[in-house]
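> can't give you the sequence, but here's the structure:
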């Protein structure tokens, strides 16, 4: 998770190649530092428009980076060689909202009506926090970030609805201010926090016992700071129960050729499909 | 304090003219909306370099917008017609650190060795807060913002030192996050807060009893949010006791031709004098 002063596009392409050839099959934290990693949701086209509308209506938990053409496993705006069937270290296959398999290649599942969604992930903003001198507790403690179901309703869209899931990072006040400043510049990877302070105010009973990920220490002079989390769409997926859906396994992300700096400067912009799906929706400008 | 959708340079020039001709002699809040207002400190050149170093070392309470040429009452980068001897509604004259007079024109005090400093003021970021839908309590209650001496030491420079003074705005958590996002984009008008939550943590005994300005209501679901304040340099001035110094009277600011948007976009940038004073230091790019 160390942010290098000069980033190298080769590191993103090499990491993706190692994943594609099966050398890397686990979590991607710290791989290709400086490059944006993505949450993946793949749905059949009859479910895809509802999911697109859900993402557009809930941009903090579901910040879209790309939507693929129906049936096309390539996402050239995120990487010229990228193939979504092989380039994620580990996939989860859902049938009727339940995980039925984890695997490292989805070639045998691929269909002509599959639409791929790529959503920004907090690895990018954590790299920026560390670069700004803000400590990230779960990185220090070498565990997964603690995540919680909240009492906050997402805006429903079509067949998708559900509660907002948040990730939590405990911070001293001065670091919390700095963290809000830093993350607000990255709306495409969840942006500024949605809440800080009282966990009960957003329906969290015990901040030491997360619903997903691992618990971390919260010191007496620290406040818990909560960001919208990319697990939110997986919860919506479990609730909507589409017959078939595929996601990445937690922590096992898609590595893209987009740099964190491309996001900060606005060089990379996601343009929502104007009318319906089947058009590539991410554009490098 | 309403932020118009289209701002008009004529409103800044008209306000300045009304001040120059003595029609406006009081506080400037709400005048020429969308244009940056400035705190003023005028010192003799033998004290000016220490003060410049103090400002550069403490950019949050003392964000420099301009430094005049020694003896020159004009600041063309802030307004082509601007004359600092007449264009502030009310001045305070300090001798040995104590106020000896308040007046509306300092022509009779002007000296060939006077150097003018203009520092950003929170009126600009309050306009941006209101535009973003964040309520500003003292504006609602039509009183002066509450300000407090803290236990935080400024970085000393030459003969200038002292405690940080902060302004306080009570906000609900979601608005506090939004306020940090908004104000972090305006480092030239104090930027992001320096603290939120416990007043005692920064040496404030009673958040309802400010050292300057007026007390405001803090609701039970609100937290006090503290920003570095332009009163800080006046406190440093009282402590350093230069033989002669002139400032604006509280709330009676210099209205400039720089728009809030010039700050947000970086069109207006302050360039510190490279070697010594006597060079114009603000640049329109």
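Alright, I've got the coordinates. Quick caveat: nothing in here was measured; it's all calculated off a predicted structure. Numbering: from 1, shown residues only, chains lettered A, B, ... in the order given.
> how close does residue A:98 sit to chain B?
Here the distance between residue A:98 and chain B works out to 35 Å (CB to the nearest CB, to the nearest Å). Any C-beta I mention is one placed from the backbone N, CA and C, and that applies to glycine too.
> for that residue, give the beta-bridge partners.
The residues listed as beta-bridge partners of residue A:98 by DSSP bridges are residue A:95.
> could I get the contacting residues of the most centrally placed residue in chain A?
Closest to where the C-alpha atoms of chain A average out (CA atoms, centre = their mean) is residue A:121, at 3.1 Å. Neighbour list for residue A:121: A:36-39, A:189-190, A:230, A:253 [criterion: CB atoms under 8 Å, 6 or more residues apart in numbering or on different chains].
> now these as CSV including pLDDT and secondary structure?
Compiled in CSV, the contacts of residue A:121 are given as follows (pLDDT from 0 to 100; DSSP: H, G, I helix; E, B strand; the rest coil):
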residue, pLDDT, secondary structure
A:36, 94, strand
A:37, 94, strand
A:38, 95, strand
A:39, 95, strand
A:189, 92, helix
A:190, 94, coil
A:230, 92, coil
A:253, 94, coil
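> of these, closest to chain B?
Proximity of the contacts of residue A:121 to chain B was ranked by CB to the nearest CB; the top entry is residue A:190 with 12.8 Å.
> residues near that closest one, how many?
When neighbours are defined as other CB atoms under 10 Å in any protein chain shown, residue A:190 has 27 of them.
> just residue A:250 next, same as before
17.
> just the helices in the stretch 101-250 of chain A please.
Across the stretch 101-250 of chain A, reading from the start of the chain, the helices by DSSP state H, counting those that start in this stretch fall at A:123-131, A:137-140, A:173-184, A:232-240.
> and the angle from the longest one to helix A:123-131?
Read that as helix A:173-184. Relative orientation of helix A:173-184 and helix A:123-131, computed by axes from the mean of the first three to the mean of the last three CA atoms, to 10 degrees: 140 degrees.
> next, give phi and psi for the residue nearest to the centre of chain A.
The phi and psi values for residue A:121, taken as degrees, to the nearest 10, are phi -130, psi 160.
> surely residue A:138 meets residue A:215?
No: Residue A:138 sits out of contact with residue A:215 when judged by CB atoms under 8 Å, with a separation of 9.4 Å.
> circling back: for residue B:125, which of the helices of the stretch 101-250 of chain A is the nearest?
In terms of CB to CB, the element of the helices of the stretch 101-250 of chain A nearest to residue B:125 is helix A:173-184, at 13.5 Å.
> which strands and helices lie in contact with the closest one?
In terms of contacts (3 or more CB pairs under 8 Å, 6 or more residues apart in numbering or on different chains; DSSP states H and E), helix A:173-184 is packed against helix A:123-131, strand A:222-228, helix B:173-183, strand B:195-196.
> near chain A at all, the last one?
Yes: judged by CB under 8 Å from any CB of the partner chain, strand B:195-196 comes into contact with chain A at B:195-196.
> and that strand, which strands flank it?
Strand B:195-196 pairs in its sheet with strand B:222-228 (antiparallel), by DSSP bridges.
> low-scoring stretches of chain A, by residue?
The model of chain A has pLDDT under 70 over residues A:1-6, A:272-285.
> ok, which stretches of it are strands?
For chain A, the strands identified by DSSP state E occupy A:35-44, A:64-67, A:91-95, A:98-103, A:114-120, A:147-153, A:163-172, A:195-196, A:222-228, A:245-248, A:254-259, A:268-270, A:282-284, in order along the chain.
> these two touch, right, residue A:97 and residue A:239?
Yes: Residue A:97 is within contact range of residue A:239, at 6.9 Å (criterion: CB under 8 Å).
> near chain B, which residues of the stretch 51-200 of chain A are found?
Contacts of the stretch 51-200 of chain A with chain B, taken as CB under 8 Å from any CB, map to A:173-174, A:176-178, A:180-181, A:184, A:192-198.
> just the buried members of those residues?
Among those, the ones that count as buried by 16 or more other CB atoms under 10 Å in any protein chain shown are A:173, A:176-178, A:180-181, A:184, A:192-197.
> now distance to residue B:268 too, for those residues, in a markdown table please.
Formatted as a markdown table, these follow (distance: CB to CB, whole Å):
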| residue | distance to residue B:268 |
| --- | --- |
| A:173 | 31 |
| A:176 | 30 |
| A:177 | 25 |
| A:178 | 25 |
| A:180 | 25 |
| A:181 | 20 |
| A:184 | 22 |
| A:192 | 25 |
| A:193 | 30 |
| A:194 | 33 |
| A:195 | 35 |
| A:196 | 32 |
| A:197 | 36 |
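> list the beta-bridge partners for residue A:91.
With DSSP bridges as the rule, residue A:91 is bridged to residue A:103, residue A:248.
> measure it to residue A:220 for me?
Noted for residue A:91: a distance of 42 Å to residue A:220, by CB to CB, to the nearest Å.
> more neighbours: these two, which one.
Neighbour comparison, residue A:91 and residue A:220: the larger count goes to residue A:91, with 22 against 4 (by other CB under 10 Å).
> report the contact partners of the more buried one.
If you count contacts by CB under 8 Å, 6+ apart, residue A:91 has them with A:40, A:102-106, A:246-249.
> same question for residue A:232.
Under the criterion of CB under 8 Å, 6+ apart, the contact list for residue A:232 reads A:58, A:61-62, A:154, A:162-165.
> could you measure from residue A:109 over to residue A:95?
Summarising the geometry, the distance separating residue A:109 from residue A:95, computed by CB to CB, is 11 Å.
> hmm, back to that, which one of the helices and strands packed on helix A:173-184 lies nearest to residue A:31?
helix A:123-131 (9.1 Å).
> what sits up against that closest one?
By CB under 8 Å, 6+ apart, the surrounding residues in contact with helix A:123-131 are A:1-3, A:28-29, A:33-34, A:36-37, A:136, A:139, A:169, A:179, A:182-183, A:185-186, A:189-190, A:227, A:253, A:260, A:263-264.
> what angle separates it from strand A:254-259?
Computed by the same axes, to 10 degrees, the angle between helix A:123-131 and strand A:254-259 is 60 degrees.
> just to revisit the earlier point, out of the helices and strands packed on helix A:173-184, which is closest to residue A:45?
Residue A:45 lies closest, by CB to CB, to one member of the helices and strands packed on helix A:173-184: strand A:222-228, at 26.6 Å.
> now find how far off-centre that closest one is within its chain.
Mean C-alpha position of strand A:222-228 versus that of the full chain (CA atoms, centre = their mean, to the nearest Å) differs by 18 Å.
> try stretch A:112-129
For stretch A:112-129 - counting by CA atoms, centre = their mean - the centre lies 4 Å from the chain centre.
> how long is it end to end?
End-to-end span of stretch A:112-129 (CA to CA, to the nearest Å): 40 Å.
> buried ones in it?
Counting neighbours by 16+ other CB under 10 Å, one finds that the buried residues in stretch A:112-129 are A:114-129.
> residue A:268: neighbouring residues, count only.
Taking other CB under 10 Å as the neighbour definition, residue A:268 ends up with a count of 24.
> and it, how far from residue A:64?
The spacing between residue A:268 and residue A:64, counted by CB to CB, is 12 Å.
> then residue A:43?
Here the criterion is CB to CB. By it, residue A:43 lies 13 Å from residue A:64.
> more neighbours: those two, which one.
residue A:43 (26 against 21).
> chain neighbours aside, what residue packs nearest to residue A:213?
The shortest distance from residue A:213 to any residue other than its chain neighbours is 4.0 Å, reached at residue A:144 (CB to CB, 6 or more residues apart in numbering or on different chains).
> what sits against the one you found?
Under the criterion of CB under 8 Å, 6+ apart, the neighbours of residue A:144 are A:138, A:212-214, A:250-251.
> show me which of those residues is closest to residue B:203.
Checking the contacts of residue A:144 against residue B:203 with CB to CB, the nearest one is residue A:138 at 32.7 Å.
> please report the number of neighbouring residues for the closest one.
The number of residues packed near residue A:138 is 21, by other CB under 10 Å.
> try the one 3 residues further on
Using other CB under 10 Å, the number of residues around residue A:141 comes to 12.
> contacting residues for it?
A:214, A:216-217.
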